[in-house]
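Undergrad: return atomic coordinates for the entry below.
(chains A and B)
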Amino acid sequence: MNNISLIFFGIGILFDLFGCIGLIRLPDVYNRLQSATKSVTLGTCSIMFGVFLNYGFSGIGLKALLSIPLIFFASTVAAHALIRGSYKYGIKLWDKTVVDDYKDVQK
Amino acid sequence: MKYLTLFICMFLLWLLLTFNLETPNIIVGLIASLITTLVFGKHFLKGWKKFFQPRRYFWIIIYLFIFTWECIKANFDVAYRVLSPRMPIKPGIVKVKSSLKTEIGKTFLANSITMTPGTITVDVIEDDFYIHWIYVSSKNPQVYTKKILGRFEKHIKRIFE
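TA: Below you'll find the predicted structure:
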């Protein structure tokens, strides 16, 4: 069990790293949020799953397993709030953006 | 009845989180779930009867597998776009129409869209979802509606409606 959980730790840390690289490389707020939400959520969930495999059905393992849906809902709702907030605040999309349908509903 | 359902859910969550069955712990759990129920009860789901229909749980399990697969795909997609030197991105915000009726169904669809490859929900107004898409591959509304919603919408309809 220990080795498998180590593999999950490794995958998780790797995806967290990709998320951070994306945060630096991508051009604007909206694209950066894309990389930050997806990679970091799966990375952290993978680490938590590794903890669960390591400890099994005990107090610690179940807490780690329960934290997966909590992290998931928190990060998706936070990303939604951030992206909507930054649009309402008036931050411009990247200049190579192809289409913007959301402009029409803004008064 | 709505309040009772919420109370049972909260109490089960408490038992899972603390993971011991001693009397003081159970009493604290009962009090905590009672307070939660009194405060948040009126915001709970309208159709509490749906909690007691077993086939919905079956669809939730199938949905979880599909969703995990999509989530992993999304991460490889992001990793590819971030690491490749040319950065193949072509972002835009598109409007997508969904046929879901219930609030909870829309919430789950919006959250699922956020976790799938290259898309993130900006806003939901009535039936329209405004979605930021990292690589807009076609300008035809029918094609991209199918691409973004296609797989999730029918499963969520089975679960929540």
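
Undergrad: what residues does stretch A:36-52 touch?
TA: A:5-9, A:11-16, A:18-19, A:22-23, A:60-62, A:64-65, A:67-68, A:71-72, A:75-76, A:79, B:71-72, B:74-75, B:78-79, B:114-115, B:120 (Cβ atoms under 8 Å, 6 or more residues apart in numbering or on different chains). For every residue, glycine as well, the C-beta is placed using N, CA and C.

Undergrad: filter the residues you listed down to just the ones in strands.
TA: B:Ile120 (DSSP state E).

Undergrad: buried subset of the contacts of stretch A:36-52?
TA: A:5, A:8-9, A:11-12, A:15-16, A:18-19, A:22-23, A:61-62, A:64-65, A:67-68, A:72, A:75-76, A:79, B:71, B:74-75, B:78-79, B:114-115, B:120 (16 or more other Cβ atoms under 10 Å in any protein chain shown).

Undergrad: residues contacting A:Asn31?
TA: Residues near A:Asn31 by Cβ under 8 Å, 6+ apart: A:94, B:89, B:91, B:134.

Undergrad: I'd say the second one and B:Tyr135 touch.
TA: Right, B:Ile89. Yes - because the distance of 6.1 Å satisfies Cβ atoms under 8 Å, B:Ile89 is recorded as touching B:Tyr135.

Undergrad: quick check: pLDDT value at the residue nearest to A:Ile60 when sequence neighbours are not counted.
TA: Nearest non-adjacent residue to A:Ile60, counting by Cβ to Cβ, 6 or more residues apart in numbering or on different chains: A:Val51, 7.0 Å away. On pLDDT, A:Val51 comes in at 90.

Undergrad: tell me which element A:Val51 falls in.
TA: helix A:29-55 (DSSP states H and E).

Undergrad: and the helices in the chain?
TA: You didn't say which chain, so I picked chain A. Remark: helices assigned in chain A by DSSP state H are A:2-25, A:29-55, A:59-89.

Undergrad: try again with chain B
TA: Under DSSP H, chain B gives helices at B:2-18, B:23-40, B:54-83, B:103-115, B:141-160.

Undergrad: packing partners for the first one?
TA: Spelled out, that is helix B:2-18. Helices and strands touching helix B:2-18, by 3 or more Cβ pairs under 8 Å, 6 or more residues apart in numbering or on different chains; DSSP states H and E, are helix A:59-89, helix B:23-40.

Undergrad: likewise for the fourth one?
TA: Helix B:103-115 is packed against helix A:29-55, helix A:59-89, helix B:54-83, strand B:119-125, strand B:128-133, helix B:141-160, with contacts defined by 3+ Cβ pairs under 8 Å, 6+ apart.
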